[in-house]
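[1] Quick check, what structure comes out for this input:
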Amino acid sequence: MELLRIENLKVAVDGKLILKGINLTVNRGETHAIMGPNGSGKSTLAAVLMGHPAYEVLDGDVLFEGKSILGLSPDERAKLGIFLAFQYPYEIEGVRVSQMMWRAFRALGGEVSPVEFRKLLRENYSALGMGEFIDREINLGFSGGEKKRSEVAQLLTLKPKLAILDEIDSGLDIDAVRIVGEALNEARRRNPDMAILLITHYQRILNHVRPDRVHVMMDGRIVMSGGYELSLKLEKEGYGNLSKIIV
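    Next up, the predicted model:
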């Protein structure tokens with residue numbers, strides 16, 4: 001069943017056209033990878049889907065569960081079940097992880113007691129080797145890899161309908177990529193209807209989180225789509241040799 005539909009999406013920032021007509025459909029339970037070089041528009045797409053006010057939608061639409069979300073604020077989109085793991089997670093001084101997550105959980109309709117929620121949160125953070133981090137200020141003093149693992153632990157806890165992962169593998173070493181990949185697979189197992197839009201430069205995370213579809217973005221357009229095998233061909237040929245790739 002269709003969850004997300006992007007129709008001819010054209011987006012500008014500061015008067016410069018960034019997305020030049022994106023079309024994409026993601027069904028419930030599917031994992032789609034969007035690959036491409038720096039500056040191709042991948043992170044812009046993630047920001048627009050979440051409602052970042054700096055981006056101007058010039059044309060097209062974004063439908064979530066059959067309804068346009070372009071007029072909704074980021075918090076309204078989050079309450080619908082859309083989750084964004086940031087490429088560069090923010091540091092928030094004075095607010096503990098557990099405090100933020102309890103408020104987010106309650107805003108999404110979570111009904112367990114504070115004690116039960118704290119146990120759940122610690123279990124999910126512990127699954128990524130970060131159990132003690134729930135009482136720390138959000139991302140303050142975290143390494144790059146710890147910030148990314150914290151985002152995945154949040155995803156495990158909130159169980160969104162759509163998880164947008166903006167370069168969740170950047171800054172991770174080989175072991176951390178494996179840990180994050182295993183956690184994402186566990187999230188898919190627990191929440192089989194969840195769709196994932198995984199944005200990445202590299203193929204390595206896809207060895208652990210195998211996508212149903214792979215899309216190549218260049219210069220603000222999706223120029224090629226295929227199965228998991230496409231990511232392997234990209235790893236071999238690079239983005240500069242797309243003409244050699246047959247899908």
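
[2] Now do the helices in the chain.
    42-50, 74-80, 97-107, 114-126, 144-158, 174-190, 228-237 (DSSP state H).

[3] who wins for proximity to Met217 among the ones you listed?
    Set against Met217 and scored by Cβ to Cβ, the helices of the chain come closest in helix 42-50, at 5.5 Å. Any C-beta I mention is one placed from the backbone N, CA and C, and that applies to glycine too.

[4] I would like the residues contacting the closest one, please.
    Helix 42-50 is contacted from outside by 4, 6, 9, 11, 13, 18-19, 22, 34-36, 54-55, 57, 62, 74, 77-78, 82, 84, 87, 164, 166-167, 197, 199, 217, 220, using Cβ atoms under 8 Å, 6 or more residues apart in numbering.

[5] now Ala33: how far from Val115?
    38 Å (Cβ to Cβ, to the nearest Å).

[6] Pick out whichever of these two has more residues nearby.
    The residue with more neighbours, out of Ala33 and Val115, is Ala33; 24 against 8, by other Cβ atoms under 10 Å.

[7] Let me see the contact set for the more buried one.
    198-200, 206, 211, 213-215, 231.

[8] Run through who's touching stretch 236-244.
    Residues contacting stretch 236-244 (Cβ under 8 Å, 6+ apart): 36-37, 216, 218, 223-224, 245.

[9] Could you do stretch 8-26 as well?
    Contacts of stretch 8-26 (Cβ under 8 Å, 6+ apart): 2-7, 32, 41, 44-45, 48, 54-62, 162, 195, 197, 215, 219-222.

[10] Restricted to strands, list the residues you listed.
    2-7, 32, 56-62, 162, 195, 197, 215, 221-222 (DSSP state E).

[11] For ChimeraX, write the selection for the buried entries among those residues.
    This is the ChimeraX syntax for the buried subset of these, where burial follows 16 or more other Cβ atoms under 10 Å:
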select :3,4,5,6,32,60,62,162,195,197,215,221,222
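
[12] number of nearby residues for Ser73?
    Counted with other Cβ under 10 Å, Ser73 comes out at 12.

[13] Run through the residues that contact it.
    Gly51.

[14] Number of residues surrounding the residue nearest to Phe105 when sequence neighbours are not counted?
    In space, and not counting its chain neighbours, Phe105 is closest to Phe117: 6.0 Å by Cβ to Cβ, 6 or more residues apart in numbering. Counted with other Cβ under 10 Å, the neighbours of Phe117 add up to 18.

[15] Let me know the distance separating Phe117 from Ser231.
    In terms of Cβ to Cβ, Phe117 sits 37 Å off from Ser231.

[16] same thing with Gly71?
    With Cβ to Cβ as the criterion, Gly71 and Ser231 are 35 Å apart.

[17] More neighbours: those two, which one.
    Between Gly71 and Ser231, Ser231 has the larger neighbour count (other Cβ under 10 Å), namely 23 against 7.

[18] mind listing what that one touches?
    With Cβ under 8 Å, 6+ apart, Ser231 has these contacts: 33, 35, 203, 206, 211, 214.

[19] If you rank these by neighbours, which is first?
    Most surrounded of the contacts of Ser231: other Cβ under 10 Å gives Val214, at 27 neighbours.

[20] what stretches of this structure score poorly on pLDDT?
    The chain contains residues with pLDDT under 70 at 243-244, 246-247.
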